[in-house]
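Colleague: Below: sequence and its predicted model.
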Amino acid sequence: MSGRRRHRAAVVRALLGLAAVSLIALGPAPVASAVPAKFWGVVPQEIPSDEQFARIKRGGVDSIRIPIFWDVAQYRPDGPLEWNGTDIAVGRAASAGVDVLPFVTGAPSWAVPTGRVPGTQGGIAAAPERLPVAGAARSAWFNFLRLVVQRYGPNGTFWAANPAIPPRPIRTWQIWNEPNFKYFVTHPNPGQYGKLVKISSGAIRSVDPGAKIVLGGLFARPREATWKVKPPQAFFATDFLTKMYKRTPGVRSKFNAIALHPYSSRYQLLRPNIEEVRAVLKANRDLRKRIWITELGWSTQKPDPRRNAFAKGVAGQVRELRGSFSMLRKNQVRWRIGGVYWFSLEDGPEAACNFCSGAGLFASGFVPKPSWTAYARFAGGRP
């Protein structure tokens, strides 16, 4: 699945650019009361407008998942912090009554060297060579997380500076994104990630002792994890978790939930992906932990099984959404699923990933697809 690579620079450009300026028969759908409150989320590829936020709120969306890129917010160690894009996303979400799940990720080159992602030609396919867990990088990451929570957490400076926005403090924080995959750290390292979780927990909870920490969404089964190369370019989520627990004593108390990105060619593969993660939790006596599905999706692009396992066409996207949501709802208690985020809200740039241009519930111009009607029916909303 190496074709599923993400070019995070394209996402950054989309976020900052916005800061600057007949239906398929769906059949009966589950009711929203069958799952916990604030269960249904989406991942936008651009910041929704106020009108778009209002629409998705009516449609049953409880939460959006957005990045906070350290390298964007703190481009220079001695320069002012840039919050503009995040301010807009958080403010619009709060005004619409939608929660925000941020994943804090990335590292500026002044803190951690940037490296070419193995197997690519460089350019925007670059990522930090390692995680910021030692020396000056560790201190800088710790301080940055404190600043983020001081801004958007309880009694945050953002809320004080914007009294017209109804306060909706962020209490849950996701640490990094797909740390088991080369596109977000060129040399994935489970023990190093465990250290990052411990450092991050200390930083966030020093400001908000009641904050919840969610692991960065682990890509369930990247193909690169099967390659016999050293250092590894990726790990299966289960292997990464197992090694993280083993190499980082005490990490269990530093986070509240696992996050999984169970991308697969068909929704039926969700079951083994999730049950294998639950087996790791059982082996580490950590069964009370919930699993959050912080990315899940398929594309309306023309089906092309040999080149793009996630391209399903319009009808196929609805089929995979309905199948996956039904399975997750049915097994929510047994699997302890804490929330589900569809990737993505709207079609994004083709350069961002091999299925991003068709992954949305909405097409270009925020035109709803049949999958949006299916999503809203599961979420108990009005499309």
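Modeller: Thanks, I have the structure now. Residues are numbered from 1 along each chain as shown.
Colleague: center of this protein - which residue?
Modeller: Within the chain, the residue whose C-alpha comes closest to the C-alpha centroid is Thr294; the distance, by CA atoms, centre = their mean, is 4.7 Å.
Colleague: To which secondary structure element is that residue assigned?
Modeller: strand 290-296 (DSSP states H and E).
Colleague: Just the CA atoms of that strand, as PDB, please.
Modeller: The C-alpha coordinates for strand 290-296 follow below in PDB (Å, rounded to 0.1, in the frame of the first residue of the first chain):
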ATOM      1  CA  ARG A 290     -10.300   2.200  23.800                       C
ATOM      2  CA  ILE A 291      -9.500   2.100  20.100                       C
ATOM      3  CA  TRP A 292     -10.200   5.200  18.100                       C
ATOM      4  CA  ILE A 293     -10.500   4.900  14.300                       C
ATOM      5  CA  THR A 294      -9.000   8.300  13.500                       C
ATOM      6  CA  GLU A 295      -8.800   7.600   9.700                       C
ATOM      7  CA  LEU A 296     -10.900   5.300   7.600                       C
END
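Colleague: which of the residues in the following helix or strand past that strand are buried?
Modeller: Sequence-wise, the next helix or strand downstream of strand 290-296 (DSSP H and E) is helix 313-330. Neighbour-count burial for helix 313-330 flags 313-314, 316-322, 324-325, 327-329 (criterion: 16 or more other CB atoms under 10 Å). C-betas here are computed from N, CA, C, even on glycine.
Colleague: tell me the angle of helix 313-330 relative to strand 290-296?
Modeller: With axes from the mean of the first three to the mean of the last three CA atoms, to 10 degrees as the basis, helix 313-330 and strand 290-296 are set at 170 degrees to each other.
Colleague: State the mean pLDDT of helix 313-330.
Modeller: For helix 313-330, the per-residue pLDDT values average out at 98.
Colleague: one step back: surely the residue nearest to the centre of the chain and Gly338 touch.
Modeller: No: with the criterion set as CB atoms under 8 Å, Thr294 and Gly338 do not qualify as a contacting pair; they are 9.6 Å apart.
Colleague: quick one on the thing from earlier: pipe the buried residues of helix 313-330 into CSV and attach distance to Ala126 per row.
Modeller: Written out in CSV, the entries for the buried residues of helix 313-330 read as follows (distance: CB to CB, whole Å):
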residue, distance to Ala126
Gly313, 33
Val314, 34
Gly316, 33
Gln317, 31
Val318, 36
Arg319, 36
Glu320, 31
Leu321, 33
Arg322, 37
Ser324, 32
Phe325, 35
Met327, 36
Leu328, 34
Arg329, 39
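Colleague: the helices in the stretch 1-150 of the chain, which residues?
Modeller: Ranges of helices in the stretch 1-150 of the chain, per DSSP state H, counting those that start in this stretch, are 8-20, 50-58, 70-73, 84-96, 135-152.
Colleague: what packs against the longest one?
Modeller: Applying 3 or more CB pairs under 8 Å, 6 or more residues apart in numbering; DSSP states H and E, one finds that helix 135-152 contacts helix 70-73, strand 99-105, helix 157-161, strand 172-175, helix 190-207.
Colleague: out of these, deepest packed?
Modeller: With neighbours defined as mean count of other CB atoms under 10 Å, the helices and strands packed on helix 135-152 peak in mean count at strand 172-175, which reaches a mean of 24.
Colleague: quick one: contacts of that one?
Modeller: Under the criterion CB atoms under 8 Å, 6 or more residues apart in numbering, residues 65, 101-104, 145, 148-149, 196-197, 200, 204, 211-217, 255-256, 259, 294 lie in contact with strand 172-175.
Colleague: for the stretch 101-250 of the chain, which spans come out with low pLDDT?
Modeller: Per-residue confidence of the stretch 101-250 of the chain (counting by pLDDT under 70) places the weak regions at 121-124.
Colleague: Tell me the buried residues in the strand holding Thr294?
Modeller: Using 16+ other CB under 10 Å as the burial criterion, the residues of strand 290-296 that qualify are 290-296.
Colleague: Show me what it is packed up against.
Modeller: Using 3+ CB pairs under 8 Å, 6+ apart as the contact definition, the elements that strand 290-296 packs against are strand 40-43, strand 257-261, helix 270-283, strand 337-343.
Colleague: Of all the ones you listed, which one comes closest to Asp239?
Modeller: The minimum distance between Asp239 and these falls on helix 270-283, with 8.9 Å, by CB to CB.
Colleague: Restricting to C-alpha, output that closest one in CSV.
Modeller: As requested, the backbone C-alpha atoms of helix 270-283 are provided in CSV (Å, rounded to 0.1, in the frame of the first residue of the first chain):
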residue,chain,number,x,y,z
LEU,A,270,-11.4,-4.2,9.6
ARG,A,271,-12.3,-7.2,11.8
PRO,A,272,-8.8,-8.9,11.9
ASN,A,273,-7.0,-5.5,12.0
ILE,A,274,-8.9,-4.4,15.1
GLU,A,275,-9.0,-7.8,16.8
GLU,A,276,-5.2,-8.1,16.4
VAL,A,277,-4.8,-4.8,18.2
ARG,A,278,-7.1,-5.9,21.0
ALA,A,279,-4.9,-9.0,21.4
VAL,A,280,-1.8,-6.8,21.9
LEU,A,281,-3.7,-4.8,24.5
LYS,A,282,-4.7,-8.1,26.3
ALA,A,283,-1.1,-9.4,26.2
